[in-house]
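Student: sequence isn't available, so here's the structure alone:
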């Protein structure tokens, strides 16, 4: 009996994990400028879409003191694994802040002391896992471009506390 349960659980987990790659999205900002910007199940509040200095035009642009918030259109959790960015001007500073509901769970700051500016851009890989929103912000006076944001939705069954209201797995005893 235990072997049957373990086999069934392993099958369900493998099927769920295997399907994640087919749900992955790369947001390329290839739609018209709209607010909120919608693509592949994600939305970006307060976007500015431009065609210059992008990885592949068009792309997201952040001007001085501008923040654009990414979230899933259905409100579910997701993860971001990488994105392309370019710092433009001499004082650009990209802040990326990850939230789980209203709580900050991760934050990185990409500055010109670590990344060259006006150089054609670069990809940045960092796992922002199981988040509900991600803020891209420009704390400098220059401009920033964002493109090719790689995101993966988190199925409710794999999100912490999603098993049942008290966070414990249940099974039927037969």
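Tutor: Good, I have the coordinates. Predicted, not measured: the structure shown is a model, and the values here were computed from it.
Student: residue 90 reaches residue 112, doesn't it?
Tutor: Yes. Counting by Cβ atoms under 8 Å, residue 90 does reach residue 112; the two are 7.2 Å apart. Using the backbone N, CA and C atoms, a C-beta is placed for each residue, glycine as well.
Student: comparing these two, which residue is more hemmed in?
Tutor: residue 112 (17 against 11; other Cβ atoms under 10 Å).
Student: for this structure, what are the low-confidence residue spans?
Tutor: Along the chain, the parts satisfying pLDDT under 70 run over 1-22, 156-174.
Student: quick one: the helices in it, in order.
Tutor: Applying DSSP state H to the chain gives helices spanning 2-23.
Student: where exactly do the strands run in it?
Tutor: Along the chain, counting by DSSP state E, strands occupy 25-27, 37-39, 42-45, 49-50, 59-62, 67-72, 78-88, 93-100, 103-111, 122-131, 133-138, 143-153.
Student: tell me the most buried of those?
Tutor: Counting by mean count of other Cβ atoms under 10 Å, strand 59-62 has the highest mean neighbour count of the strands of the chain, with a mean of 26.
Student: strands paired with that strand, and their directions?
Tutor: Strand 59-62 pairs in its sheet with strand 49-50 (antiparallel), strand 143-153 (antiparallel), by DSSP bridges.
Student: just put these in CSV and tack on distance to residue 57.
Tutor: Listed next are those as CSV, based on distance: least, Cβ to Cβ, whole Å:
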stretch, distance to residue 57
strand 49-50, 8
strand 143-153, 9
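Student: nearest to residue 134, out of those?
Tutor: Closest to residue 134 of those is strand 143-153 (Cβ to Cβ; 8.5 Å).
Student: next, the angle from that closest one to strand 122-131.
Tutor: Strand 143-153 and strand 122-131 are oriented at 40 degrees to each other (axes from the mean of the first three to the mean of the last three Cα atoms, to 10 degrees).
Student: you'd agree residue 29 is up against residue 55?
Tutor: No. Between residue 29 and residue 55 there is no contact, the gap being 9.6 Å when judged by Cβ under 8 Å.
Student: common neighbours of these two, please.
Tutor: Common neighbours of residue 29 and residue 55 (criterion: Cβ atoms under 8 Å, 6 or more residues apart in numbering): residue 147.
Student: the more surrounded of these two?
Tutor: Between residue 29 and residue 55, counted using other Cβ under 10 Å, residue 29 has the larger neighbour count: 25 against 19.
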